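Engineer: sequence and predicted model, in that order:
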Amino acid sequence: MSVGEMFRNLWESSGLANGSWQNYVMILISFVLMYLAIVKKFEPLLLLPIAFGMFLINLPGAYDVVWGTYPEGVAHTYENVENRGLLWYLFYGVQNVIYPPLIFLGIGAMTDFSALIANPKLMLIGAAAQFGIFGAYMVALAIGFAPDQAGAIAIIGGADGPTAIFLSSKLAPNLMGAIAVSAYSYMALVPVIQPPLMRLFTTKKERLIKMKPARAVSQNEKIIFPIVGMLLTCFVVPSGLPLLGMLFFGNLLRECGVTTRLAKTASNALTDIVTILLGMTVGASTQASQFLTPQTIFIFFLGFMAFVIASSSGVLFVKLFNLVLPKEKKINPLIGNAGVSAVPMSARISNNLGLEYDPSNYLLMHAMGPNVAGVIGSAVAAGVLLGFLA
């Protein structure tokens, strides 16, 4: 072999020779997500692993090394793989719906449900925010998506990444990468998207409403709540049990008082590990040839629409609800945005906006009620869609 042939072979096997413009577009998108995570601090724990997974899988020539080599003409599925790479093994937890319930276990272990227990009517705000999911579902059907695909896309409106992965892995596995990235992107952009909507749909007088401090919740109530929640979930939407069962179990670990070590592990170490694995594999499912399609653009558009409708529905529902509430029990509409499932980010936005108009009006604990109700509501909505469409 001549020196020229050696250099030609080296060039032909290099990433530069094998890369396409789609690869470089996806790498650029991954850089944008890294910027949002590192510089803007938009949900960095989620966005940075996703961005790096996207960066890794779209490096020219990286796919066969980190994922695996597929036989000619065979679909890229978990079963049909010859030489298995690292990400092939990690993706098992996504494809077989292991990671999302473990994330819910951590959420339950780190979340205080006291605000919802003390004021159960806040559950209605979490329910109202799910209008975004079903509104987006109808639009997705109208523009030509199949019912199962429409259901998987619509769940983005719940602003709940694990639930989006859970549902899309069952209803539309081929769209899971785009759906998951869309869901997590809009979760990260909650501080950008929600405040303008909250200002648009509320008056200055409404923003100044002060709510009475919530009553104290007993330890027994905190222990009983996840057990009762589990029973109700089982009767209403048994298909949502993988998520809600782990959520309530994590909360029981937190509140029972005898499993503090387990609760700390679930809410810290376990959640951190699963978040890394989930983020990396979700990002790595965005290979350029499958991600850069017109369908992906529609998914991002529908996801944005669903998220806007969900955030707006919560605020508008509070305004409507206030019409029948006595003056001393009126709810500040600024907590309506917290009906989506982005815990506790949406609740913090409610609080920050309230303080902006009245430095003494702390809304955080009130907003946590609809915020945790949104977690439950999005999982229930996923169970309903799964029951209808699976």
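Structural biologist: Sure, I can see it.
Engineer: residue boundaries of the helices in the stretch 51-200 of the chain?
Structural biologist: 62-66, 86-90, 92-95, 99-110, 114-118, 123-128, 131-142, 147-154, 161-171, 176-188, 190-200 (DSSP state H, counting those that start in this stretch).
Engineer: now those helices as JSON lines including distance to residue 227 and mean pLDDT?
Structural biologist: Just so you know, the C-beta spots here come from the backbone N, C-alpha and C atoms, and that holds for glycine as well. Listed next are the helices of the stretch 51-200 of the chain as JSON lines, based on distance: least, C-beta to C-beta, whole Å; pLDDT from 0 to 100:
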{"stretch": "helix 62-66", "distance to residue 227": "43", "mean pLDDT": "72"}
{"stretch": "helix 86-90", "distance to residue 227": "34", "mean pLDDT": "82"}
{"stretch": "helix 92-95", "distance to residue 227": "28", "mean pLDDT": "84"}
{"stretch": "helix 99-110", "distance to residue 227": "12", "mean pLDDT": "95"}
{"stretch": "helix 114-118", "distance to residue 227": "13", "mean pLDDT": "94"}
{"stretch": "helix 123-128", "distance to residue 227": "17", "mean pLDDT": "92"}
{"stretch": "helix 131-142", "distance to residue 227": "27", "mean pLDDT": "90"}
{"stretch": "helix 147-154", "distance to residue 227": "30", "mean pLDDT": "93"}
{"stretch": "helix 161-171", "distance to residue 227": "22", "mean pLDDT": "90"}
{"stretch": "helix 176-188", "distance to residue 227": "29", "mean pLDDT": "86"}
{"stretch": "helix 190-200", "distance to residue 227": "31", "mean pLDDT": "93"}
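Engineer: residue 230: which of these is closest?
Structural biologist: helix 99-110 (10.7 Å; C-beta to C-beta).
Engineer: about what we covered before: tabulate the helices of the stretch 51-200 of the chain (TSV), appending mean neighbour count and distance to residue 246.
Structural biologist: Converted to TSV, the helices of the stretch 51-200 of the chain look like this (neighbours: other C-beta atoms under 10 Å; distance: least, C-beta to C-beta, whole Å):
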stretch	mean neighbour count	distance to residue 246
helix 62-66	18	29
helix 86-90	17	20
helix 92-95	18	14
helix 99-110	24	4
helix 114-118	21	18
helix 123-128	23	18
helix 131-142	20	21
helix 147-154	25	20
helix 161-171	27	10
helix 176-188	26	19
helix 190-200	17	23
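Engineer: and residue 275, which of those helices is closest to it?
Structural biologist: helix 99-110 (7.0 Å).
Engineer: ok, back up a step: need the helices of the stretch 51-200 of the chain in TSV with distance to residue 231, can you?
Structural biologist: Converted to TSV, those look like this (distance: least, C-beta to C-beta, whole Å):
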stretch	distance to residue 231
helix 62-66	44
helix 86-90	35
helix 92-95	28
helix 99-110	16
helix 114-118	16
helix 123-128	16
helix 131-142	24
helix 147-154	26
helix 161-171	21
helix 176-188	29
helix 190-200	32
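Engineer: which one of these lies closest to residue 35?
Structural biologist: Residue 35 lies closest to helix 176-188 among those, at 11.4 Å (C-beta to C-beta).
Engineer: what's in contact with the closest one?
Structural biologist: With contact meaning C-beta atoms under 8 Å, 6 or more residues apart in numbering, helix 176-188 is reached by 33, 36-37, 42-43, 46-47, 50, 54, 94, 152-153, 155-156, 159-161, 164-165, 168-169, 172, 193, 279, 282-283, 285-287, 290-291, 295-296, 299-300, 303-304, 307, 342, 345.
Engineer: which stretches of this structure form strands?
Structural biologist: 68-69, 83-84 (DSSP state E).
Engineer: and those, which one is worst for confidence?
Structural biologist: Across these, strand 68-69 has the smallest mean pLDDT, namely a mean of 60.
Engineer: pLDDT weak spots in the chain?
Structural biologist: Low-confidence segments of the chain (pLDDT under 70): 1-19, 64-65, 67-83, 390.
Engineer: longest helix of it?
Structural biologist: helix 294-322 (DSSP state H).
Engineer: for that helix, name the packing helices and strands.
Structural biologist: If contacts are counted by 3 or more C-beta pairs under 8 Å, 6 or more residues apart in numbering; DSSP states H and E, helix 294-322 sits against helix 123-128, helix 131-142, helix 147-154, helix 176-188, helix 190-200.
Engineer: and the angle for that helix with helix 190-200?
Structural biologist: 40 degrees (axes from the mean of the first three to the mean of the last three C-alpha atoms, to 10 degrees).
Engineer: list the buried residues of helix 294-322.
Structural biologist: Buried positions in helix 294-322, judged by neighbour count with 16 or more other C-beta atoms under 10 Å: 295-296, 298-319, 321-322.
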